[in-house]
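S.K.: any chance you can model this:
(one chain, ligands or ions: 2)
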Amino acid sequence: MIIECSNCTKKFKIQEDRLPQDKIVAFPCKNCGEKIRLDLRIGQTINEKSNEPSPSDAKLVQSPLTANTTHDKGLKDKILKSVKELPPMPQVMIKTQEVISDSNADAKKIAEVIETDQSIATKVLKVANSAYFGMSGKISSISHASVVLGHKILEEIVMLAGAEGILAGKLPGYGYDSKDLWKHSLAVAFGSKIIANSKNPELAKEAHLAGLIHDVGKIILDGYIVEKKEEIESFMETEEKTFLEAERQYLGFNHADIASDVCKKWNFPESINIAIKHHHQPGGSDGNELCYILHMADYIATLSGIGYDSDDILYELEEGTMDYLNFSNENVSQIVLKVTESVNNISV
Ligand SMILES: [Fe+2]
Ligand SMILES: [Fe+2]
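M.R.: Residues are numbered from 1 along each chain as shown. Ligands and ions are numbered 1, 2, ... in the order given. Below you'll find the predicted structure:
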């Protein structure tokens, strides 16, 4: 289905078959940022100001693959050098994982490790006191949090606090405002964890971490995208391509390739690396369950409209994903609601 932004008249392709059929949904326009509202009962966009259906009726489109590759080796080398120069993962994230995996570690020892980084420790306390954990304002210290919430949850909070520091900046190439990528990543982390808990709880910890950092490649590519912004926009417009396709076309890599290089640099487990590398096409992951979970969570995050993903309404679920996870459209709608609630209840 094609929808048109009533503010800037830019047209977008969306996959409507998994959206709730009897509802009005809203998406941010990736061109002007204005909200596009779509009434799925009648299959038409709604003019934000008049609340009337806009004249652009929904219709089906084809998307041809025709453009030539325009990146060069020098550019690819520069991008790989940027990955090498990326700072290491914050020490407190590594040390917290180490101390928590030691079964003899007590609350005091864990708190000492987290408190070596005051900005992360402050965020951890704020998140621990969120409505999400049902402990609003009751947790007074990190060691108290580890006793009340447990070591596993505390480790997740530290990962979340550390990831915010990495992902919360503005990315003008992708059109992200300061918290857009962070909120999207948070939604994918929650979605991945919810799906993993229902399908294979052993994967829940990795799913949460993979969700948090799956789009970290965008941090590296943003500056290069800024340089080629005009060409990329016109390629996407005339060829009806996604941002992901434009990245490969103009830079030689997409953000998932680069995120996988970051995972290697940060010594992430191989299964997370594979899941992130193929998070837009899990069929290429050789049956990596985490990858299907991540792909579904990424898709669900775009449906929820939280934060902003440059692929947002063009995001297509790879064929076979619903079958692999044994998911129905109802499962998808339920998780959209759960993810939205989770992100609204967490204070970050
Ligand atoms: Fe992505
Ligand atoms: Fe994403």
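S.K.: what residues of the helix or strand that contains Lys78 count as buried?
M.R.: Applying DSSP states H and E as the criterion places Lys78 in helix 73-85. Residues 75, 79, 82-83 are the ones in helix 73-85 that count as buried (16 or more other CB atoms under 10 Å). C-betas here are computed from N, CA, C, even on glycine.
S.K.: pull the CA atoms of that helix into PDB?
M.R.: Only the C-alpha atoms of helix 73-85 are listed here, as PDB (Å, rounded to 0.1, in the frame of the first residue of the first chain):
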ATOM      1  CA  LYS A  73      37.300   1.100  -2.200                       C
ATOM      2  CA  GLY A  74      38.800   4.200  -0.600                       C
ATOM      3  CA  LEU A  75      35.400   5.000   1.100                       C
ATOM      4  CA  LYS A  76      35.000   1.400   2.300                       C
ATOM      5  CA  ASP A  77      38.500   1.500   3.800                       C
ATOM      6  CA  LYS A  78      37.700   4.800   5.600                       C
ATOM      7  CA  ILE A  79      34.500   3.300   7.000                       C
ATOM      8  CA  LEU A  80      36.400   0.200   8.300                       C
ATOM      9  CA  LYS A  81      39.000   2.500   9.900                       C
ATOM     10  CA  SER A  82      36.200   4.300  11.700                       C
ATOM     11  CA  VAL A  83      35.100   1.000  13.200                       C
ATOM     12  CA  LYS A  84      38.700   0.300  14.400                       C
ATOM     13  CA  GLU A  85      38.800   3.800  16.000                       C
END
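S.K.: pLDDT of it, averaged?
M.R.: In this model, helix 73-85 has a mean pLDDT of 90.
S.K.: for Ile194, give me its contacts.
M.R.: Taking CB atoms under 8 Å, 6 or more residues apart in numbering, we find Ile194 in contact with 297, 335, 338-339, 342.
S.K.: neighbours of Ser333, how many?
M.R.: Per other CB atoms under 10 Å, the neighbour tally for Ser333 reads 17.
S.K.: state the distance from it to Ala256.
M.R.: Distance, Ser333 to Ala256, using CB to CB, to the nearest Å: 26 Å.
S.K.: cool, Glu316 as well?
M.R.: For Glu316, the distance to Ala256 - CB to CB - is 15 Å.
S.K.: the two: which is more packed in?
M.R.: Neighbours were counted for Glu316 and for Ala256 using other CB under 10 Å; Ala256 has more, 22 against 15.
S.K.: from what I can see the more buried one touches His280, true?
M.R.: Yes - applying CB atoms under 8 Å, one finds Ala256 in contact with His280, separated by 5.8 Å.
S.K.: buried sites along the strand or helix carrying Val336?
M.R.: Here Val336, judged by DSSP H and E, is contained in helix 329-345. Neighbour counts over helix 329-345 (16+ other CB under 10 Å) mark 331-333, 335-336, 339-340, 342-343 as buried.
S.K.: ditto for stretch 282-289
M.R.: Burial within stretch 282-289, assessed by neighbour count using 16+ other CB under 10 Å, is assigned to 282, 285, 288-289.
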